[in-house]
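**Q** need a 3D model of the sequence below.
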Amino acid sequence: MRNVLTIAGKEIRSYFSSPVAYVLLATYLALAGYFFYALLTAFNQTLRIYSMMRNPEMLTRFNLNQMVLVPLLHNLSVLLIFIVPAITMRMFPEEKRSGTYELLLTSPVGVMEIVLGKFLGGFVLVLLMVALSGAFGGLLLAYGNPEVPMMAAGYLGLLFMAMSFLAIGTLVASFTDNVVIAYVGTLFTLLLLYTIGWLGETLQGVAGSVVKYASITEHFQELTKGIVDTKDLVYFVTLLVVAIFLTQRSVESVRWR
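**A** Residues are numbered from 1 along each chain as shown. Sure thing, here's the model as predicted:
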């Protein structure tokens, strides 16, 4: 465990000793703040219009979670598709280009420890992003009346999605020594995983069900609705375990060449 933490600490220092972490955090929070402001402004304007129309039945349908928080979480998940590859693209390619990769592989550290250390280092940055975006939920709690369990489930879904993106990015980065290829490869994979559910809508029977289950969006949507289902949690955990295991095999294959 100490080796994992040592490698994770090295990764974290590499992020924050360069502008990478600060640029990614600033970009993420700036865009998240813009989305939150736009959604909240649209909610208030629509609420004001229906209040002037004196339509109590329509006013009862207004819900902060459905009209502000859920769209915000979906927008944040799309942001992570573009931001997480920028976190993972340097994990292995930088080591390979600098010549420290061979030293790392020949050191008395297990391959799984290397992979987990790299993943944990990126996870700290991703967790920080999700935690900071939780401030928007805090504002809704302070000045509005959102459904707290639904909000908590939505942010849990966002965290699971970010972790899954990170695990996939770590896997893709282990295949190459080029940061551009690592970024584009991860971006393509994440976009495919995010949009494959659209294909499932056009398919019938078992094929449609399988494709829908493979879509990360389908499981994320359930959590944003406040539904914490075992099948969704199993999906995210399975995705994480498989991606990390394949990364371990990828790195190990290099070690024994």
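**Q** element containing the residue most central in space within the chain?
**A** What sits nearest the mean C-alpha location of the chain, by CA atoms, centre = their mean, is residue 162, with 1.7 Å. Element membership of residue 162, judged by DSSP states H and E, is helix 148-173.
**Q** what are the buried residues along that helix?
**A** Neighbour counts using 16 or more other CB atoms under 10 Å place 150-151, 153-173 of helix 148-173 among the buried residues. Using the backbone N, CA and C atoms, a C-beta is placed for each residue, glycine as well.
**Q** packing partners for that helix?
**A** helix 70-88, helix 111-143, helix 179-202, helix 216-224, helix 230-255 (3 or more CB pairs under 8 Å, 6 or more residues apart in numbering; DSSP states H and E).
**Q** relative orientation of it and helix 111-143 in degrees?
**A** Interaxial angle of helix 148-173 relative to helix 111-143 (axes from the mean of the first three to the mean of the last three CA atoms, to 10 degrees): 150 degrees.
**Q** tell me the angle helix 148-173 makes with helix 230-255.
**A** Using the same axes, to 10 degrees, helix 148-173 lies at 20 degrees relative to helix 230-255.
**Q** low-scoring stretches of the stretch 51-200 of the chain, by residue?
**A** 51-62, 99, 101-105, 200 (pLDDT under 70).
**Q** count the residues that sit near residue 210.
**A** 11 (other CB atoms under 10 Å).
**Q** gap between it and residue 199?
**A** 11 Å (CB to CB, to the nearest Å).
**Q** ok, the closest residue to residue 22 other than its chain neighbours to residue 223 distance?
**A** Once flanking residues are discounted, residue 22 sits nearest to residue 16: 7.6 Å by CB to CB, 6 or more residues apart in numbering. Residue 16 sits 30 Å away from residue 223, going by CB to CB.
**Q** if you count neighbours, what's buried in stretch 222-230?
**A** 222, 223, 224, 225, 226.
**Q** OK, contacts around the first one?
**A** Which is residue 222. By CB atoms under 8 Å, 6 or more residues apart in numbering, residue 222 lies in contact with 157, 229, 232.
**Q** and the closest residue to residue 119 other than its chain neighbours, what does it touch?
**A** If the residues on either side of it in the chain are set aside, residue 119 comes closest to residue 170, at 5.3 Å by CB to CB, 6+ apart. Residues near residue 170 by CB under 8 Å, 6+ apart: 88, 91, 115, 118, 119, 122, 243, 244, 247.
**Q** mind putting those into JSON lines with distance to residue 38 and neighbour count?
**A** Converted to JSON lines, the contacts of residue 170 look like this (distance: CB to CB, whole Å; neighbours: other CB atoms under 10 Å):
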{"residue": "88", "distance to residue 38": "29", "neighbour count": "27"}
{"residue": "91", "distance to residue 38": "34", "neighbour count": "26"}
{"residue": "115", "distance to residue 38": "39", "neighbour count": "28"}
{"residue": "118", "distance to residue 38": "36", "neighbour count": "28"}
{"residue": "119", "distance to residue 38": "34", "neighbour count": "26"}
{"residue": "122", "distance to residue 38": "29", "neighbour count": "27"}
{"residue": "243", "distance to residue 38": "33", "neighbour count": "22"}
{"residue": "244", "distance to residue 38": "36", "neighbour count": "20"}
{"residue": "247", "distance to residue 38": "37", "neighbour count": "28"}
